[in-house]
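In: following is a predicted model, sequence given first.
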Amino acid sequence: MRVAGAAALLVAWLFACAVDAAQTPAVRDLASNRAPNLTAAGDAGTRLPRLRSLLVSWRGTVVLERYYNGASRDRLANIKSASKSVISTLVGMALERKLIPDIKTPIATFFPEVARDRDPGKREITVEDLLTMRSGLEGTSNRNYGAWVTSRNWVQHALARRMFAPPGEMMEYSTGNTHLLSAILTKASGKSTWQCANEVLAKPLGFTLAQWPRDPQGIYFGGNDMLMTPRNMLAYGELYLSKGRAGGQQVVASRWVERSCDGRARSARPWNGTEDPLRDRKYGYGWWVHEIAGYDTCFAWGYGGQYVFVVPELDLVLVTTSSPDVSEERRGHRQVVFDILDRLIVTPIARASGS
């Protein structure tokens, strides 16, 4: 069966499950604080060969935790580009500690070669422009990714890209931007991005980050291939739901959490010469912003189906991990995952919350 046909059938089945789930006593009893029955959502995951985990935390309690296709609670997942959200968190913490003077600091402060570049526009690129993917530099993702990661110097390769727009004007999604942020964190702190991440972020959340790949100069990959367990990802989402607090301390400034999840209009460059398929999703500081079942959602997004969703109005965090391998099923998988979240998790929980 073709992927599109399979996805359509599964969406229809999910809708039927959602109707059944809506009749459970836990959902009908709006005065109760009990979580709704999310069995239908957990069972739906068994039909997705790419899915590895599905976790839901509501009001600070894990109400659904399922693993699929050989995955387990302690198995590390490659969170792919959800790593960009983590890099954003680290930048916010570096700003709070004055390791980076200001979000409007020109990146030439850290890369003197930029000041010598023939294109004067590069001298205007700021830390904020990298965070919002509005550096104006030709991207290193998609069709340009291979040449970039096989280059001898990833930082120099990213900085040498031509300018297609003035900084701050147009968005082009590029992992080169977040890798430059990793290089800035390394220069500003005098420690590797991995060391920084463990000391200021992972440790307060109660876990340790495994090492992930580095570029030829030893700079940890900024914006891809970080490794976390689904429970680690859930703890990270809870941090943002709690406006940066964890374990009784302010780990990340609340204003940084708010700014990160303040979605900006895309004003995006055409996607490979065609209309941008993600035009309905806004982008903050390394976080995507979108609605699920009518609720504003801030989420970290990694290739293949690695997600951390934060739904503040419902006091809800959702995590999914999936096979990160390249596959024609990837887009159909994403469609069904969003349908599960929409119909079988967010909608029932909204009803149980009285929202």
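Out: Sure thing, it's come through. Numbering: from 1, shown residues only.

In: and residue 232, helix, strand or coil?
Out: Look at residue 232: counting by DSSP: H, G, I helix; E, B strand; the rest coil, its state is helix.

In: surely it touches residue 210?
Out: No. Counting by C-beta atoms under 8 Å, residue 232 does not reach residue 210; the two are 9.8 Å apart. The way it works is simple: take the backbone N, C-alpha and C, and place the C-beta from them, glycine included.

In: who has more neighbours out of these two?
Out: A side-by-side neighbour count of residue 232 and residue 210, using other C-beta atoms under 10 Å, places residue 232 first with 23 against 14.

In: angles on the backbone of the residue nearest to that one when sequence neighbours are not counted, please.
Out: The shortest distance from residue 232 to any non-neighbouring residue, by C-beta to C-beta, 6 or more residues apart in numbering, is to residue 207 (5.0 Å). Here is the backbone geometry of residue 207 (degrees, to the nearest 10): phi -140, psi 180.

In: any idea how far the residue most central in space within the chain lies from residue 203?
Out: Geometric centre of the chain, nearest residue: residue 300, 1.6 Å, by C-alpha atoms, centre = their mean. Separation of residue 300 from residue 203 (C-beta to C-beta, to the nearest Å): 20 Å.

In: what of residue 120?
Out: Residue 120 sits 42 Å away from residue 203 when distances are taken as C-beta to C-beta.

In: and those two? Which one has more around it.
Out: Higher neighbour count among residue 120 and residue 203: residue 203, with 14 against 9, using other C-beta under 10 Å.

In: so how far is the first residue of stretch 337-354 from its last?
Out: 24 Å (C-alpha to C-alpha, to the nearest Å).

In: from the chain's centroid, how far away is it?
Out: Distance of stretch 337-354 from the chain centroid (C-alpha atoms, centre = their mean, to the nearest Å) equals 20 Å.

In: ok, stretch 122-142 next?
Out: Average the C-alpha atoms of stretch 122-142, do the same for its chain, and the two points are 18 Å apart (C-alpha atoms, centre = their mean).

In: report the rounded mean pLDDT for it.
Out: On average, the pLDDT along stretch 122-142 is 96.

In: please begin residue numbering at 637 from this point
Out: Renumbered: residue one is now 637, and that last one reads stretch 758-778.

In: so for that stretch, what gets flagged as buried?
Out: Within stretch 758-778, the residues scored as buried using 16 or more other C-beta atoms under 10 Å are 758, 760-777.

In: how about stretch 725-745?
Out: If you call a residue buried by 16+ other C-beta under 10 Å, then stretch 725-745 has these buried ones: 725-732, 735-736, 739, 741-745.

In: got it, and stretch 710-722?
Out: Those would be 713-722, for stretch 710-722 by 16+ other C-beta under 10 Å.

In: let's see which of those end up in strands.
Out: Cross-referencing the buried residues of stretch 710-722 against strands under DSSP state E gives 713-714.

In: helices - which of the buried residues of stretch 710-722 land there?
Out: Among those, the ones falling in helices (DSSP state H) are 719-722.

In: okay, and residue 676 sits in which element?
Out: Here residue 676, judged by DSSP states H and E, is contained in helix 675-680.

In: run through the neighbouring helices and strands of that helix.
Out: helix 639-657, strand 687-694, strand 697-703 (3 or more C-beta pairs under 8 Å, 6 or more residues apart in numbering; DSSP states H and E).

In: now do 6 Å
Out: Here helix 675-680 touches helix 639-657, going by 3 or more C-beta pairs under 6 Å, 6 or more residues apart in numbering; DSSP states H and E.

In: what number of residues are in the vicinity of residue 881?
Out: Residue 881: 16 neighbours (other C-beta under 10 Å).

In: quick one: contacts for the nearest residue to residue 897 once chain neighbours are set aside?
Out: Once flanking residues are discounted, residue 897 sits nearest to residue 934: 3.6 Å by C-beta to C-beta, 6+ apart. The contact partners of residue 934, by C-beta atoms under 6 Å, 6 or more residues apart in numbering, come to 897, 923, 925, 946.

In: same check on residue 859?
Out: Contacts of residue 859 by C-beta under 6 Å, 6+ apart are 719-720, 723, 811, 814-815.

In: out of those residues, which is nearest to residue 979?
Out: Top of the list for closeness to residue 979, among the contacts of residue 859 and by C-beta to C-beta, is residue 720 at 28.0 Å.
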